[in-house]
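Chemist: missing the sequence, but the structure's below:
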């Protein structure tokens, strides 16, 4: 079902993708729990779809939630946490919240490994 939602997204059929993604999230939450990586990935997918639909506030709410759980469960330096920070920064930018956007970008860049 998630693959079909991804296909809809790739085709620009955001409303169809959203409908399936919400269903996938409900099932993941019920079967796996709210902190499982697949559940968090589902939340992130919906947030991306919300962004594509111009539903910036809804996207932000989900991204803040995902970031909090990633930070708690995986730590600040984990790639999924950093990806969450970066996604949230993009949403803040779309909302015109430049200070929040800069803060998220700074935090995500700060933990990127330097080789």
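Modeler: The structure has been received and is ready for your questions. Since the model is a prediction, treat every value here as computed from it, not as a measurement.
Chemist: use CA for all of it now, contacts and neighbours both
Modeler: Will do.
Chemist: what about this protein, any weak spots by pLDDT?
Modeler: 105-115 (pLDDT under 70).
Chemist: geometric centre of it: which residue is closest?
Modeler: Residue closest to the mean C-alpha point of the chain, counted by C-alpha atoms, centre = their mean, is residue 44 at 2.8 Å.
Chemist: check contacts around that one.
Modeler: Residues near residue 44 by C-alpha atoms under 8 Å, 6 or more residues apart in numbering: 62, 63, 66.
Chemist: swap in 10 Å and give it another go.
Modeler: For residue 44, the contact set (C-alpha atoms under 10 Å, 6 or more residues apart in numbering) comprises 21, 25, 38, 50, 59, 62, 63, 65, 66, 67, 84, 87.
Chemist: buried among those? Make that a ChimeraX selection.
Modeler: With 16 or more other C-alpha atoms under 10 Å as the criterion, this ChimeraX line picks the buried residues out of these:
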select :21,25,38,50,59,62,63,66,67,84,87
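Chemist: what comes up buried for the one helix or strand the residue nearest to the centre of the chain maps to?
Modeler: In this assignment (DSSP states H and E), residue 44 forms part of helix 37-52. Buried residues in helix 37-52, defined by neighbour count with 16+ other C-alpha under 10 Å: 37-40, 42-52.
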